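**Q** Give me a model of this one.
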Amino acid sequence: MPRALPTIRILGIDPGSRVTGYGIIESDGVRSAYVSSGCIRASDSEFPARLKTIFDGVAAVVGEFTPEEIAVEQVFVSKSVQSALKLGQARGAALAAALARSLPVSEYAPNAIKRAVTGQGHADKVQVQHMVRVLMRLSQPLAADAADALAVALCHAHSNPVMSRNEAIRQMGRRR
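**A** From the prediction side, this is the model:
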């Protein structure tokens, strides 16, 4: 009888300068299970204070849920360069909190994340939310940012780093 593959706990992050979504799953690269999700909401205070809120919020999530790997959405320019710069700074604050624990970080393009959960790279937020709920077997609606963060975690779970690690474990088991 084949042994179950080891699971890893993944924290997905959907960075935002006002709302940063997080999603935590456990996955063996084939099956994934929901652990938690939510949003870190920065107040309407000055921008540096919002960055501190993001840093502290991600640090608290990492401390509470002890993920083994982090996956984050890459920055893209959609509205303006100024928005992209703020998003990049928010992303940096979130990554700094994760890297303070020396956790490995993987980055994914928005289209790759959407393709991983919906099958198409240009899916809208509603489609992503729906598929995340289906894949995670959740009955309650999710906030858009939390659903996006779970999508990032799912993308990572089904990507090469996780699959390669578990394939190596399978091969070791076959040699015994």
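**Q** When you work out contacts or count neighbours from here on, use the C-alpha atoms and nothing else.
**A** Noted.
**Q** May I ask you to confirm that D148 belongs to a helix?
**A** Yes - per DSSP: H, G, I helix; E, B strand; the rest coil, D148 lies within a helix segment.
**Q** Tell me if I'm right that it and H130 touch.
**A** No - assessed by C-alpha atoms under 8 Å, D148 is found out of contact with H130, at 10.7 Å.
**Q** okay, now the nearest residue to D148 once chain neighbours are set aside: neighbour count?
**A** Closest residue to D148 apart from its sequence neighbours, by C-alpha to C-alpha, 6 or more residues apart in numbering: D14 at 6.1 Å. The number of residues packed near D14 is 29, by other C-alpha atoms under 10 Å.
**Q** What residues does D14 make contact with?
**A** Contact analysis of D14 by C-alpha atoms under 8 Å, 6 or more residues apart in numbering lists T20, G21, Y22, V72, E73, D145, A146, D148, A149, V152.
**Q** quick check, nearest of the residues you listed to A49?
**A** T20 (14.1 Å; C-alpha to C-alpha).
**Q** The helix or strand hosting the closest one - contacts with which helices or strands?
**A** In this structure, T20 is located in strand 19-27 according to DSSP states H and E. In terms of contacts (3 or more C-alpha pairs under 8 Å, 6 or more residues apart in numbering; DSSP states H and E), strand 19-27 is packed against strand 8-14, strand 32-41, helix 144-157.
**Q** which outside residues touch the longest one?
**A** Among residues not part of helix 144-157, those counted as contacts by C-alpha under 8 Å, 6+ apart are 10-14, 19-25, 27-30, 32, 37-39, 70-73, 106, 108, 112-114, 116-117, 125-126, 128-129, 132-133, 162-163.
**Q** Specify which residue of D148 and H130 has the higher count of neighbours.
**A** When neighbours are counted by other C-alpha under 10 Å, D148 and H130 differ, and D148 comes out ahead with 29 against 16.
**Q** Look up which residues are beta-bridged to the closest residue to E68 other than its chain neighbours.
**A** Excluding the flanking residues, the one nearest E68 by C-alpha to C-alpha, 6+ apart is R9, at 5.4 Å. Note on R9: beta-bridge partners by DSSP bridges are E26.
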